[in-house]
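Chemist: need coordinates for the below:
(2 chains)
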Amino acid sequence: MNQRLDRINRFLDGVARNRREIVTPEGIALEADVANNGERLTAFLIDFLFWILATVLLYLVFALLVVEHMSGAVAATIIFLFAFLLRNLYFIHFELTTQGSTPGKRIVGLRVIDRKGGPLLPAAVIARNLTREVEIFLPLGLFLSLPKVAVGWNFWLSASYFGWIVLISALPFFNRDHLRAGDLIAGTMVISVPRRKLLAELVETQAKYVFSRSQLDAYGAFELQVLEEVLRRPASAETSEIHRQIAGRICRKISWTGSDPSADALDFLKAFYTAERGHLEREQLFGRYRSDKADQSSGQR
Amino acid sequence: MPSADLTRAPAQKIVLRSAEFRKGRETAWRTLDDFVSRVEKKGIRHLSADELQRLPLLYRATASSLSVARSIALDRNLILYLENLVLRAFLVVYGPRTGVLEALGGFLRRGFPAAVRAALPHIALATAAIVAGVAVGFLLIESSEAWFNALVPESMSGGRGPASTAAQLRDREIFAPWPGFLESFVVFANFLFQHNATIGIMTFGLGIAGGVPTLLLLGYQGLMLGAFLALHYNRGLLPDFVGWITIHGVTELGALILCGAGGLVIAEKVLFPGRYTRLDNLAKQGTAAAGLAAGAVLMLLVAGIIEGGFRQLIANTPARMAFGLATGVLWLAYFRSNRDGAGDEPAA
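Modeler: Okay, the predicted model is just below:
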C-alpha cells in the first residue's frame, strides 16, 4: 500500500530517505523516516550547548553562595559532579516527559522510539542515556586527564581511549538505522518526524469543463500527484507560466477540442485535476488502480 | 449520499467520495493535531481531563481515517498529513508516562534488585573469577614478593611494596590520619569513585567481546587484592588489613562483581543467541544488563564515600569489620526486597 507513494515522494522531495515500518498495536503500518547522522549530530550539539550553559550557571550560583574556602580540587570535583548529574538528568527527563525528544531533538524534529513499535519504557530511556557516558564522556574524561606524551604506557593508554571514542562514535555510520551503542542496548531508534500541514482541498465543486472517459484514461496516479504539487505552489509569474505550459501539454495529450484554456490555465488545470482524481479514485475503488500513464494493467480496455 | 459518479454525466455539482470523506472528518483531525502539538510542546499534563479522555478516541478515529484514505484517496498531501499525524499521535498515546524521579525511583526500588536476582549464575561466575584471582595472587606473592611490582602498577601500589616495613604500612596506610571533611568526603571519595567506576564500566563494556576479557579483568582485580593480602600477611598485618579493606570492600567488590555479571549477561546473549538474532537479544537483555551496571556504579559511589571518608574516621579493626559486615547484610536485604513488587504495589 505504502509503496505506492514511494515513487512520487522520491520524485518530488528529491532525496531518498531510509524508512522503517512500525506496526502500531492497532495493526496500522506506519512508515517513519530514520534520522540521519547529520540531524542527530545537530541535535546532540544543541543539547550539548544547553548542558554546558546550565552547568556553568549552576556552578556560578553555587560559587557565589559559598565563595570562601574552596580549594581548586574541591571546586573541580563539585563541577564534575554537577556536570554529570545535569547531563544525565537533562536527557532522561526530557526524553521521558516530551515523548522521546530533548530540546535539541525537538528543534531538529527527531524522536526516540522503541524499535519494535511498542511503548518507550523508562528503563530503555535510562539505559540509552547512561550508555552515552560509557560511549563518549568517560573515555573523553580519561583521555583529557592523561598527560600528552609521545611514548610509553600513557601514550598507549591515551591512544586506546581515543580509539574507543572514534570507534564508538563511528558506529551509527555502519548500520542501516544509524543506531549508536545506546540504541543497540536499549532497543530504541531515532526517527525524524517533521510536522506536516494539511493544505486546502483542491477539488472544485462546479464543473466548468467536461472530460470524456477516454481523455481521463490518459494519465495515472503519478501524473495526478505531480499535478497536485504544481497546483499547490504559491502563485507567481513563474508558476502561471508553468501552469500554461502544462495545460498546453495536457490538451495535446488528450486531444482537447474545447475552448483554448491558455487564458485561464489555472481554472482549466483545477477542473482537470478534479475530473481526473474523481475518475482514478473510482477506478481504484473497483480494483483498477492505475499507477501512471504507462500502466497497461488497467484502464484502457 | 449522492453518487460520486458525476464526472461522466455532465452536471454542475461535483461530489468526490474522498472530498466528502475529508469534509466529514477534518474537524476531528484538526482537534487531534491541536492536542498532539500541545503535548509535544508542554507535556501531557497540559491537557485537561476531558481532552485527555478524548485523545485515544481521536487517535483511533484518525488511524482508521488513514486506512480509509489510503484505499480511497489519491490526494498525496492528505495521505502524508494523516500518516504524520497518526505517527505523532501514536507516540503521544503510547509514550512514556513517568517522570524522571518516578523512573529512577522505580529502578532503585524494583528494577535493580530484580536485575540482580535474574543474573545469579553470571554473578557466581564473576565471583569465581575474582576468588581465583585472589588465590593465585596470594600464593604468588606469599612465596616471592619480587612478583609484587610486576603485578601491581605504580598508581595502585602508592609506594607500598616489598620494601615497605610493617610500621610504614600500619601508620601511613591502615591507620593513617583523617585528612578532613572536604578532602576525604569530596575529593578523595570522588577520585576513588571515578577510578572504580572506570574499571567497573570497562568490565561491563568488554562483555560485548564475548566475556573472556571481562573474566580476565575481574581475575586481575582479584590478583591485585591477593597480592596486597600476601604482602600484609608476610608482615603480620593480615587482620588489620582485612579490616581496612572490608569496610568498603564488601560494597566495592560487590559492585565490581555486578558489573562483571552484566557484561557476562551480554556475552552470553552474543555468544549463544538462541532463537533470536544477536541484535534482538541485545535489545531484549541489554536494558537489564545496563541496569545491573548502572546500579553497580551507584554502589561504587557509596563505596567511594565509605573508603574516602568513613574508613579513616573509624580507626579500629573490629569496628571496621563490623561496619563492612553490616553493609554486606544491608545489600543482601536490599537485593532480596520487593520480590513480588507488582503484586504488592499496583501503583506506579
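Chemist: sec struct for B:Pro162, please.
Modeler: For B:Pro162, the assignment made with DSSP: H, G, I helix; E, B strand; the rest coil gives coil.
Chemist: not including adjacent chain positions, what is the nearest residue to A:Gly247?
Modeler: Heads up, residue A:247 is Ala, not Gly. Among residues not flanking A:Ala247 along the chain, A:Ala265 sits closest, at 4.1 Å (C-beta to C-beta, 6 or more residues apart in numbering or on different chains). All C-beta atoms are positioned from the backbone trio N, CA, C, and that covers glycine.
Chemist: and that neighbour, what's its pLDDT?
Modeler: pLDDT recorded at A:Ala265 is 81.
Chemist: looks like it contacts A:Thr239 (just checking).
Modeler: No: using C-beta atoms under 8 Å, A:Ala265 is not in contact with A:Thr239, being 10.0 Å away.
Chemist: compare those two and say which is more crowded by neighbours.
Modeler: Between A:Ala265 and A:Thr239, counting by other C-beta atoms under 10 Å in any protein chain shown, A:Ala265 is the more crowded of the two (20 against 15).
Chemist: for A:Glu201, what are phi and psi?
Modeler: phi -70, psi 130 (degrees, to the nearest 10).
Chemist: ok and the residue in the stretch 51-200 of chain A nearest chain B?
Modeler: Nearest residue of the stretch 51-200 of chain A to chain B: A:Gly187, at 2.9 Å (C-beta to the nearest C-beta).
Chemist: list the residues that contact A:Ala124.
Modeler: A:114, A:186-188, B:287 (C-beta atoms under 8 Å, 6 or more residues apart in numbering or on different chains).
Chemist: out of those, which are inside helices?
Modeler: When helices are assigned by DSSP state H, the members of the contacts of A:Ala124 inside them are A:186, B:287.
Chemist: before we move on, the earlier item: any idea how far the residue of the stretch 51-200 of chain A closest to chain B is from A:Arg128?
Modeler: 9 Å (C-beta to C-beta, to the nearest Å).
Chemist: which of these two has more neighbours?
Modeler: Each of A:Gly187 and A:Arg128 has its neighbours counted (other C-beta under 10 Å); A:Arg128 has more, 29 against 25.
Chemist: any idea how far that one lies from A:Arg176?
Modeler: From A:Arg128 over to A:Arg176 (counting by C-beta to C-beta), the distance is 18 Å.
Chemist: which helix or strand contains B:Gly219?
Modeler: helix B:212-233 (DSSP states H and E).
Chemist: also A:Val61?
Modeler: Using DSSP H and E, A:Val61 sits within helix A:37-65.
Chemist: then A:Glu21?
Modeler: Per DSSP H and E: strand A:19-23 holds A:Glu21.
Chemist: what helices or strands is that strand leaning on?
Modeler: In terms of contacts (3 or more C-beta pairs under 8 Å, 6 or more residues apart in numbering or on different chains; DSSP states H and E), strand A:19-23 is packed against strand A:29-34.
Chemist: please tell me how far A:Val56 sits from A:Glu133.
Modeler: 20 Å.
Chemist: so what's the gap between stretch B:58-67 and the chain middle?
Modeler: 37 Å (C-alpha atoms, centre = their mean, to the nearest Å).
Chemist: give me the contact list for it.
Modeler: So stretch B:58-67 is in contact with A:24, A:26, A:28, B:21, B:25, B:28-29, B:31-32, B:35, B:79, B:82-83, B:85-86, B:89-90, B:92-93, going by C-beta under 8 Å, 6+ apart.
Chemist: rounded mean pLDDT for it, please.
Modeler: Rounded mean pLDDT across stretch B:58-67 is 93.
Chemist: cool, stretch B:336-345 as well?
Modeler: Averaging pLDDT along stretch B:336-345 gives 60.
Chemist: who are the packing partners of the helix or strand harbouring B:Lys41?
Modeler: Assigned by DSSP H and E, B:Lys41 belongs to helix B:17-42. Applying 3+ C-beta pairs under 8 Å, 6+ apart, one finds that helix B:17-42 makes contact with helix A:265-285, helix B:49-72, helix B:76-93.
Chemist: tell me the buried residues in it?
Modeler: Within helix B:17-42, the residues that count as buried by 16 or more other C-beta atoms under 10 Å in any protein chain shown are B:17-19, B:21-22, B:25, B:29, B:31-33, B:35-36, B:39-40.
Chemist: next up, the contacts around residue 185.
Modeler: Since no chain was named, I'll use chain A. A:Ile185 neighbours (C-beta under 8 Å, 6+ apart): A:127-128, A:131, B:282-283, B:286-287, B:289-290.
Chemist: right idea, wrong chain: chain B
Modeler: B:305, B:308-309.
Chemist: how much space between it and chain A?
Modeler: Taking C-beta to the nearest C-beta, to the nearest Å as the measure, B:Phe185 falls 10 Å from chain A.
Chemist: helix, strand, or coil at that residue?
Modeler: Relying on three-state DSSP, one would call B:Phe185 helix.
Chemist: pull the number of nearby residues for the residue lying closest to B:Arg235 once chain neighbours are set aside.
Modeler: Counting by C-beta to C-beta, 6+ apart, B:Ala166 is the residue found nearest to B:Arg235 once chain neighbours are left out, at 4.0 Å. B:Ala166: 13 surrounding residues under other C-beta under 10 Å.
Chemist: and the gap between B:Ala166 and chain A?
Modeler: Distance from B:Ala166 to chain A, by C-beta to the nearest C-beta: 31 Å.
Chemist: my guess is that residue meets B:Asn234, correct?
Modeler: No: the pair B:Ala166 / B:Asn234 is not scored as a contact, 9.1 Å apart, by C-beta under 8 Å.
Chemist: burial of A:Arg180, as a residue count?
Modeler: The burial count for A:Arg180: 24, using other C-beta under 10 Å.
Chemist: now do B:Met202
Modeler: Neighbours around B:Met202, by other C-beta under 10 Å: 18.
Chemist: likewise for B:Phe272?
Modeler: 9.
Chemist: need the contact list for A:Ala127.
Modeler: A:Ala127 touches A:182, A:185-186, B:286-287, B:290-291, B:294, counting by C-beta under 8 Å, 6+ apart.
Chemist: does the helix or strand containing A:Phe84 reach chain B?
Modeler: Here A:Phe84, judged by DSSP H and E, is contained in helix A:72-97. Yes: residues of helix A:72-97 contacting chain B under C-beta under 8 Å from any C-beta of the partner chain: A:73-74, A:77-78, A:80-81, A:89, A:92-93, A:95-97.
Chemist: quick revisit: comparing A:Val56 and A:Glu133, which residue is more hemmed in?
Modeler: Using other C-beta under 10 Å as the criterion, A:Val56 and A:Glu133 rank with A:Glu133 on top: 20 against 13.
Chemist: check contacts around residue 131.
Modeler: You didn't pick a chain, so chain A it is. A:181-182, A:185-186, B:290.
Chemist: other chain: chain B
Modeler: B:Val131 touches B:Gly222, counting by C-beta under 8 Å, 6+ apart.
Chemist: distance of it relative to chain A?
Modeler: Counting by C-beta to the nearest C-beta - B:Val131 and chain A are separated by 27 Å.
Chemist: so which bits of the helix or strand encompassing that residue are buried?
Modeler: Assessed by DSSP H and E, B:Val131 sits inside helix B:120-143. For helix B:120-143, the neighbour count (16+ other C-beta under 10 Å) marks B:122-123, B:125-127, B:129-130, B:132-134, B:136-138, B:140-142 as buried.
Chemist: from those, which is closest to B:Pro177?
Modeler: B:Ile141 (27.8 Å; C-beta to C-beta).
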